[in-house]
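Colleague: 3D model of this:
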Amino acid sequence: MQNPPRWGSSSGDTERPNAARLYDYYLGGAHNFAVDREFAERSLEVVPVAAIAQHSRAFLRRAVRACVAAGVRQFLDLGSGIPTAGNVHEVAQRADPACRVVYVDNEPATVAHGRTMLRDNPSVAVAEADLRDEDAVLRSPEVRALVDLAQPVAVLMVAVLPYLSDEDRPADVVARYRAAVVPGSHLVISHLTADVQPEMVAKLVGVAAGTLTPFVARSRAEVEPMLAGFELLEPGLVLAAKWRGEGEAATGAETVSYGAVGVKR
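Modeller: Prediction:
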């Protein structure tokens, strides 16, 4: 195999589809490999993954704007993947250039590529850490440089919690971040669910099983504990496309994820 691009991994993951690069491809980005594009095109024959990714990104944009409107100016995007078009810093800094963003991912190739993309923006950084280890995240040089934990921060967990197994105890993971931030901080989460479209989501989970990072869907009852200790903004925990959405097309892809934004009081 030829040497991978300088943002590629040498660990062999350029030979298998990667979740961050697939997500980038589904969103129309260019930060992906042939193996990702081939896998993505096959997956699109089975399930509307691109539409699902686009609904997720639309929810993220709405949630970020809501956080900025509430006065939050610093963002911690956990499990961010590649900061492709329409990502957190673009939305937040369009609303207020003073916003600061730290993306966090545990894949070295994704982190390296993100750092290359964002090197000219001093208010944005990428930290390499596993979101399950909140100490490693919060003590990373990037977070310490850009995030003041004595001030409200928006903790974003959009489309990443499905990658945590039940053994990871995702509600406990969220709770540890809640304990680390001050009142006025926001939590933004979305989570894959099979409550509405079980057959579609079963196919989606099956597709993910062919990547380096499989995931699981959870019911509303399983997602609710992740929001404990937060006062939810209207309209509460709903399908993500309906969280302050504006007429997303009804294709079925808009019914496979819950979304919510909460405030620590």
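Colleague: what about the stretch 1-150 of the chain, any weak spots by pLDDT?
Modeller: Scanning the stretch 1-150 of the chain for pLDDT under 70 picks out the ranges 1-14.
Colleague: pretty sure residue 196 is in a strand, no?
Modeller: No. Counting by DSSP: H, G, I helix; E, B strand; the rest coil, residue 196 is not part of a strand but coil.
Colleague: tell me who's in contact with it.
Modeller: 239, 255-256 (CB atoms under 8 Å, 6 or more residues apart in numbering). C-betas here are computed from N, CA, C, even on glycine.
Colleague: report pLDDT for residue 217.
Modeller: Predicted confidence (pLDDT) for residue 217: 97.
Colleague: how far away is it from residue 237?
Modeller: Separation of residue 217 from residue 237 (CB to CB, to the nearest Å) stands at 15 Å.
Colleague: ok, so of the contacts of residue 196, who is nearest residue 106?
Modeller: Checking those against residue 106 by CB to CB gives residue 256 as the nearest, at 24.4 Å.
Colleague: pull the number of nearby residues for the closest one.
Modeller: Residues near residue 256, counting by other CB atoms under 10 Å, number 27.
Colleague: and if you look at residue 37?
Modeller: Residue 37 - counted by other CB under 10 Å - has 14 other residues nearby.
Colleague: give me the next element, helix or strand, following the stretch of helix or strand it belongs to.
Modeller: Per DSSP states H and E: residue 37 is located in helix 34-44. Heading C-terminal from helix 34-44, the first helix or strand you meet, by DSSP H and E, is helix 49-69.
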